[in-house]
Each structure stands twice: as C-alpha cells, then as structure tokens.
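Enquirer: next comes the sequence, and after it the predicted model I'd like to discuss.
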There are 2 protein chains.
Amino acid sequence: MKLITRNTDYAMRALCHIAKQRKESVSAAEMVAALKIPRPFLRKILQTLSSEGLLRSTKGQGGGFALSRSPQKILLTDLIRIFQNTIQLNECVFKKKLCPNRNNCALKKEIDAIEQDVLKRLRGISIASLGNGHHPARSNQGKCHVHHSSVC
Amino acid sequence: MKLITRNTDYAMRALCHIAKQRKESVSAAEMVAALKIPRPFLRKILQTLSSEGLLRSTKGQGGGFALSRSPQKILLTDLIRIFQNTIQLNECVFKKKLCPNRNNCALKKEIDAIEQDVLKRLRGISIASLGNGHHPARSNQGKCHVHHSSVC
DNA sequence: CGTTAATGATACCATTTGAGTATCATTTGT
DNA sequence: ACAAATGATACTCAAATGGTATCATTAACG
Ligand code: FES
Ligand code: FES
C-alpha cells in the first residue's frame, strides 16, 4: 500500500529541480547528475511529463525541459494521475466486473470517505509548496540527492 | 494505489459472516456457499486468520471456525497488517536501503501526516461497526454475496 | 473401528504492476 | 558534418497479487 510510486517520486524531484534552476531549460543529463536517478528511467519519465503537458521540451543542442506552468499549479495529484493508474483507493471488482453493489456497501462508504480526505490533502501539495520554504527542512546543502524531491 | 486487497476484503466478509451466525463454529464450506469466494482461496485465508489468532478452529466433523474475540475488537487494520505487507504509505527506500534523509524531508512529512489520518480512520472500522447497523446500507436481503463484507 | 467431514501444511502457478534498460530515429545549434 | 539533445518504442526483470492443488491430520458418528 504505497501512496506514491518511484515514478511519481522521481518526477517530483525532477520538477522541483527544474523549478529551482532559473534557466530557460534544463537537460536530462544535468538532472541525472544532480538527482542521481538512472538515466534511461529519468528520460522516460521526462518524456511522459512532456507528452502529458507538464513540461515543454526543446530538442537539439542546448535543449532540455522547462515547466509549462507555474510551480504552484503542478500538484502531486497530477503526477499520481499520470504515473499511477488510478487515484482510487477502492475498487471492488469481481472477475473484472464492477461491483453491482456499490451503492449500498458500508465498507465502500467508509473507504470512499477516507479517499476524499486523502485527496483533499494531496491536492494541497505542489512542487512550489515543497520546494520553496513553505515547509520545514529546507536546510541541507549539497550532498544528499538520494531521495524524494523535496529536500535535495 | 489500493487501500485494501482482495485477501483483506475476503477476510472481512468471512469474519462478518461468522459474526452474524450465532453458532459455535462455521465451516469453510458454509462460507463458500454464502460468500461465493473460491473455496481454496477462502480456505487459505481462514487458515491464515487462524494462525494469526483471529479465529479459533476446530477440526474434524462438525468443526469450523469461530471468532477468538469480540467483533468490536477485530479491526480492519488488523487484517491489513496480516494480509498486506505493511500499512505504511511512505517508504522511501533506495536500492534496498532506508533513506538517509528521512528526518528532514518535506514530502515525507506531508505523507506521514496523511498516513496518520488514514490510520486513525481505519482503526475506527471493525467488523462490528460494519456488520451490525452502526452504518447505513443494512437493507439488502438475500441475493448479493458478491462483494465486500459489509453488505451481503 | 472405519468412514467422512472438517482443518493444517505446503507447494505451486498465473497475471499484473513496478522498476528499469536499450535502441534507433529525429531535431537543432555550432 | 557533428554533437548534443529529445522522441518513440520495445524489451527485461522482480515482486506482489490472486489464485489452485495436494496430501496429511484430526475428530465426531454410525
Ligand atoms: S524520505 Fe528520503 S528524501 Fe524524502
Ligand atoms: S462495493 Fe462491492 S460490496 Fe462493497
């Protein structure tokens, strides 16, 4: 039961990194060096972000990626939607068929309610909110590029 | 991103079913008939519940399973702990190693907070709370044995 | 007793998802 | 022309999920 997968996490880091550089565009190579994410994997992620419209890309020498909208408008939920099949916590399928009983199921009601809460909170997380001091832990310098987009 | 898996769901149904029967013990065969869960799968689940101490079993003719404690004390979180490796929504491991950065990571802080909320709510769900009218949707009679423990 | 109805213990299999790699084609600045 | 970049696509590998199958053991009942 993981809320976010590696894809989503890495995408978050990459986007944060781009947001912090005040450049026209940031290349995959630079991000690989900075974030220590395996190159082909990061490239795939960036391509996805690009095709999904979160990044604009420029090809050729000197090219790279840039945010296609402001950091406040790039939400964690956007990434989850893109990289994780669904954001739904509750499915109740039986042999590929949707449950005929969705409307009067107490367990489903409970889980749906929890889901709404989680979503509400996730929607409050953007790359801006993590990356620019809204939150604590903005202290560490330099070395750690290992995990999550927020700190490194 | 599923909150509960099939195992957990089926276990929930089985436990609710047992709770509703006012009998010394309920056999797997009876539950297969009532809940429409594949027999070998349900048996495995029951065995697990038994070995984990949620059910007491009696072998031999006339045997079966009984709750080993009161329905109020069997929580959804117990089942999640048993059937899903972890209840943690957030792990941040890198090449099998725990993240060296867990203490000053803004994203982790956010997700941890969400996790606490989710857990608090999940802990409020027991087989008693779903099965005996604390919650809505206690209406349907008879036919539907297809999904979730709560309704059928 | 011996049969039969039950669980216990294990081992196995299939599908899906997550995580990551590899390759070739295309674009563009110098 | 060449080098530095992304685009498109296909592939591999491991773990988790969702099951099946088989044989052993126990105990009530006739
Ligand atoms: S916990 Fe590893 S950097 Fe966030
Ligand atoms: S949604 Fe299917 S029974 Fe709960």
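Expert: All right, it came through fine. Ligands and ions are numbered 1, 2, ... in the order given.

Enquirer: near DNA strand D at all, the helix or strand harbouring A:R121?
Expert: In this assignment (DSSP states H and E), A:R121 forms part of helix A:106-122. No: shown here: helix A:106-122 not in contact with DNA strand D (Cβ under 7 Å from any atom of the strand), separated by at least 14.3 Å. For glycine as for every other residue, the C-beta is placed from the backbone atoms N, C-alpha and C.

Enquirer: please state the offset of whichever strand or helix holds A:A11 from the chain centre?
Expert: According to DSSP H and E, A:A11 maps onto helix A:6-20. Helix A:6-20 sits 7 Å away from the centroid of its parent chain (Cα atoms, centre = their mean, to the nearest Å).

Enquirer: in chain A, where is pLDDT below threshold?
Expert: A:87, A:91-98, A:100, A:131-152 (pLDDT under 70).

Enquirer: now the farthest one out in it, which residue is it?
Expert: A:N104 (33.9 Å; Cα atoms, centre = their mean).

Enquirer: so where do the strands sit in chain A?
Expert: Taking DSSP state E, the strands of chain A run over residues A:55-58, A:64-67, A:93-94, A:97-98.

Enquirer: give me the distance between the spatially closest residue to A:R43 that is not a sequence neighbour and B:Q88.
Expert: Spatial nearest neighbour of A:R43, excluding adjacent residues (Cβ to Cβ, 6 or more residues apart in numbering or on different chains): A:A28 at 5.3 Å. When distance is defined by Cβ to Cβ, to the nearest Å, A:A28 is 31 Å away from B:Q88.

Enquirer: ok, A:R121 next?
Expert: A:R121 is 17 Å from B:Q88, by Cβ to Cβ.

Enquirer: neighbour count: A:A28 and B:Q88, which is higher?
Expert: Neighbours per residue, other Cβ atoms under 10 Å in any protein chain shown: of A:A28 and B:Q88, the larger number sits with A:A28, 20 against 15.

Enquirer: next up, the contacts around the more buried one.
Expert: A:R39, A:L42, A:R43, A:L46, A:G64, A:F65 (Cβ atoms under 8 Å, 6 or more residues apart in numbering or on different chains).

Enquirer: looking at the residues you listed, state which has the most neighbours.
Expert: Counting neighbours by other Cβ under 10 Å, A:L46 leads the contacts of A:A28 with 25 neighbours.

Enquirer: isn't that residue right next to A:R13, touching?
Expert: No: A:L46 is beyond contact range of A:R13, at 11.4 Å (criterion: Cβ atoms under 8 Å).

Enquirer: how many residues are close by the closest residue to A:K73 other than its chain neighbours?
Expert: Nearest residue to A:K73, sequence neighbours excluded (Cβ to Cβ, 6+ apart): A:S126, at 7.1 Å. Neighbour count of A:S126, defined by other Cβ under 10 Å: 22.

Enquirer: before we move on, back to that, convert the C-alpha atoms of the helix holding A:A11 to CSV, please.
Expert: Extracted C-alpha coordinates of helix A:6-20, given in CSV (Å, rounded to 0.1, in the frame of the first residue of the first chain):
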residue,chain,number,x,y,z
ARG,A,6,9.0,5.7,-7.7
ASN,A,7,7.9,7.2,-10.9
THR,A,8,5.9,9.8,-9.1
ASP,A,9,8.6,10.5,-6.6
TYR,A,10,11.3,10.9,-9.3
ALA,A,11,9.0,13.1,-11.3
MET,A,12,8.5,15.3,-8.3
ARG,A,13,12.2,15.6,-7.8
ALA,A,14,12.9,16.4,-11.4
LEU,A,15,10.2,19.1,-11.4
CYS,A,16,11.4,20.6,-8.2
HIS,A,17,14.9,20.7,-9.6
ILE,A,18,13.8,22.4,-12.8
ALA,A,19,11.8,24.9,-10.7
LYS,A,20,14.8,25.8,-8.7
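
Enquirer: and the residue of chain A found nearest DNA strand C, how close does it get to ligand 2?
Expert: Using Cβ to the nearest atom of the strand, A:G60 is the residue of chain A that sits closest to DNA strand C, at 2.1 Å. Here the criterion is Cβ to the nearest ligand atom, to the nearest Å. By it, A:G60 lies 52 Å from ligand 2.
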